[in-house]
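The sequence isn't on hand, but the structure is:
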């Protein structure tokens, strides 16, 4: 089975800090994604990547950046954390659009 | 653009009851359809999928049939258990090349003993 591993389950950061959320997949998937999930808003796509060093903005990229230096790793960066970025962050990977996604367990980030 | 509409929850059932969670979609191409499940505090897990019309996806007693004529992919289970309590997401991926699936808002299921 494909595994997607997110480095932290829970994270508490201070306003203004630079925050790194790491995601690693172990099955050579081309496509990787970062979502945030908030009550009543469903899943919202932040960024995605379909190849190493390639990245595309999703629906809500403001305040975030990403890095994909290796195929298996996709990092989400909060340049200067703010309280409105308190959320559950979900990483996912996929082989093709028909294959379905494999999600990580999520990182619950609290910015204080 | 593509969209997915799910019935709003929460859906509250007693153990062993029959479950239906409705999902309808709009898509310009020929989408693949998916159901994901999210247990409390976890990420989403792929539950089942169907890639063409009239296909039936099934897993863990859940099933859904891809109905092109009604643009629907309703999730059903004959007898739910307390352990099925979770949030269920319907999603589609357009086979015409977008890497990005479209998710519904999710439907919370609560099963009482």
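Great, that's in hand. The model shown is predicted, which means the values in this text are computed figures rather than measured ones. Numbering: from 1, shown residues only, chains lettered A, B, ... in the order given.

so who does the closest residue to chain A within chain B touch?
In chain B, the residue that lies nearest chain A is residue B:43 (3.7 Å; CB to the nearest CB). In this view, the C-beta of every residue, glycine as well, is placed from N, C-alpha and C. Residue B:43 sits next to A:4, A:6, A:90, A:92, A:103-106 when contact means CB atoms under 8 Å, 6 or more residues apart in numbering or on different chains.

what residues does chain A put near chain B?
Contact residues, chain A versus chain B (CB under 8 Å from any CB of the partner chain): A:4, A:6, A:31, A:33, A:42-43, A:45, A:48, A:50, A:58, A:90, A:92, A:94, A:97-98, A:100-106.

ok, and the closest non-adjacent residue to the residue of chain B closest to chain A?
Spatially, and ignoring its direct neighbours in sequence, residue B:43 is nearest to residue A:103 (3.7 Å; CB to CB, 6 or more residues apart in numbering or on different chains).

From the structure, what's the count of residues near the one you found?
Each residue near residue A:103 was counted by other CB atoms under 10 Å in any protein chain shown, and the total is 24.

Show the contacting residues for it.
With contact taken as CB under 8 Å, 6+ apart, residue A:103 is in contact with A:4, A:90-92, B:36, B:43-45.

For residue B:13, name its beta-bridge partners.
residue B:111 (DSSP bridges).

And the pLDDT at it?
Reported pLDDT at residue B:13 in the predicted model: 97.

Same check on residue A:5?
Per-residue pLDDT puts residue A:5 at 95.

what are the phi and psi values for the residue of chain B closest to chain A?
The phi/psi pair for residue B:43 (degrees, to the nearest 10) reads phi -80, psi -180.

ok, it to residue A:48 distance?
To residue A:48, residue B:43 is 16 Å away according to CB to CB, to the nearest Å.

that older thread, so can I have JSON lines of the contacts of residue B:43 showing secondary structure?
Output for the contacts of residue B:43, formatted as JSON lines (DSSP: H, G, I helix; E, B strand; the rest coil):
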{"residue": "A:4", "secondary structure": "strand"}
{"residue": "A:6", "secondary structure": "strand"}
{"residue": "A:90", "secondary structure": "strand"}
{"residue": "A:92", "secondary structure": "strand"}
{"residue": "A:103", "secondary structure": "strand"}
{"residue": "A:104", "secondary structure": "coil"}
{"residue": "A:105", "secondary structure": "coil"}
{"residue": "A:106", "secondary structure": "coil"}
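
Of all pairs in those residues, which one spans the longest distance?
Distance extremes for the contacts of residue B:43: the farthest pair is A:92 and A:105 at 11.3 Å, using CB to CB.

who's more crowded, these two?
For residue A:92 versus residue A:105, neighbours defined as other CB under 10 Å are more numerous around residue A:92 (26 against 16).

Among the residues of chain A next to chain B, name the buried ones.
A:4, A:6, A:31, A:33, A:42-43, A:45, A:48, A:50, A:58, A:90, A:92, A:94, A:97, A:100-106 (16 or more other CB atoms under 10 Å in any protein chain shown).

if we look at the lowest-mean-pLDDT helix or strand in chain B, which residues are touching it?
Using mean pLDDT, DSSP states H and E, the weakest-scoring helix or strand in chain B turns out to be strand B:102-103, at a mean of 90. Strand B:102-103 is contacted by residues A:42-43, B:1-4, B:25, B:36, B:89-94 when judged by CB under 8 Å, 6+ apart.
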